[in-house]
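Asks: everything below, folded, please.
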Amino acid sequence: GLRYANHVDRAMVGALANWPPTTTDFVTQLIEEHPIEEGSVKITNLDEYMAFLYDLAYASISPNIWAHNDLHPGNFYVRDAPEGTPMDERLLFIDYDNSDFGTRNFDFTYYLLNSDFSDEALYNDFLTAYVREYNKIGPRELTYEQLDQELICQFPWAYMNRVYLFATYGGEQFAKLFYLGFKGWAEAYGKGDVSCPWEGRYQEYPKCYPIA
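Replies: Numbers count the residues shown, from 1 in each chain. Next up, the predicted model:
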């Protein structure tokens, strides 16, 4: 069976446990057929894959919050209202079945992967709007660059979710494409072309430590 190192985060292990064994076998084979060995990164099996993803998620410094965890566009509703009504009075989120403590950047990357996040203008507008609203009430000043870095470090985990999803529901070729997208990111990370900050963690929020 699949073995997990002690430092692999409980939430990630729990997420994988929801998928059938046939999916795990498919992903294991995918990694073995397309290993990643570039600079500081070596991923030749599922344990190394998970350990790398965990390190990225931990390094992203995204704060732990009460997260929706299923924030795709189908769970957004905009209520009818008189002209001029602010959007924050019209926008509703639904389907909180998966809600739990999690990171801010998981919700963001999940939403963006289910939207046309390849549209640079949409991506920029999304981050800019969040930074603007967050800085009205947040416990610290947040910059666009900091939020962008949070998402960069989370996208590999979001890609992994897509790998598992497509592998489970008959989309093996799409699963392979998402894995190869992750592979390109990991190789860039290994060469030092992208990085995660590690420092600047939010002391204003409760801490979630890895399993010892």
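Asks: which residues of the protein score low on pLDDT?
Replies: 1-15, 117, 197-212 (pLDDT under 70).
Asks: run through the strands of it in chain order.
Replies: 36-38, 41-43, 64-67, 76-78, 91-93, 100-103 (DSSP state E).
Asks: excluding chain neighbours, what is closest to W157?
Replies: Nearest in space to W157, with sequence neighbours left out and distances taken as CB to CB, 6 or more residues apart in numbering, is L53 at 5.0 Å. For glycine as for every other residue, the C-beta is placed from the backbone atoms N, C-alpha and C.
Asks: isn't that neighbour up against M160?
Replies: Yes. Using CB atoms under 8 Å, L53 makes contact with M160 at a distance of 6.1 Å.
Asks: how many residues are close by the residue nearest to W157?
Replies: Residues lying near L53 (other CB atoms under 10 Å) number 23.
Asks: also N135?
Replies: Other residues close to N135 by other CB under 10 Å number 12.
Asks: how near is it to A129?
Replies: N135 sits 11 Å away from A129, going by CB to CB, to the nearest Å.
Asks: measure P156 to R132 for me?
Replies: Using CB to CB, one gets 27 Å for the distance from P156 to R132.
Asks: of these two, who's got more company?
Replies: Per other CB under 10 Å, whichever of P156 and R132 has more neighbours is P156, with 21 against 11.
Asks: what sits against the residue lying closest to S40 once chain neighbours are set aside?
Replies: Leaving aside its sequence neighbours, S40 sits nearest to G190 (CB to CB, 6+ apart; 5.2 Å). G190 is in contact with 36-41, counting by CB atoms under 8 Å, 6 or more residues apart in numbering.
Asks: for these, which one is nearest Q173?
Replies: Closest to Q173 out of the contacts of G190 is I36 (19.7 Å), distances taken as CB to CB.
Asks: how many other residues sit next to the residue lying closest to that closest one once chain neighbours are set aside?
Replies: Of all residues not flanking I36 in the chain, I43 sits nearest, at 4.1 Å (CB to CB, 6+ apart). Neighbour count for I43, taken as other CB under 10 Å: 23.
Asks: ok, now which ones touch I43?
Replies: 31, 35-37, 49, 52, 186 are the contacts of I43 under CB under 8 Å, 6+ apart.
Asks: just the buried ones from those?
Replies: 31, 36, 49, 52, 186 (16 or more other CB atoms under 10 Å).
Asks: contacting residues for H34?
Replies: H34 neighbours (CB under 8 Å, 6+ apart): 179-180, 183.
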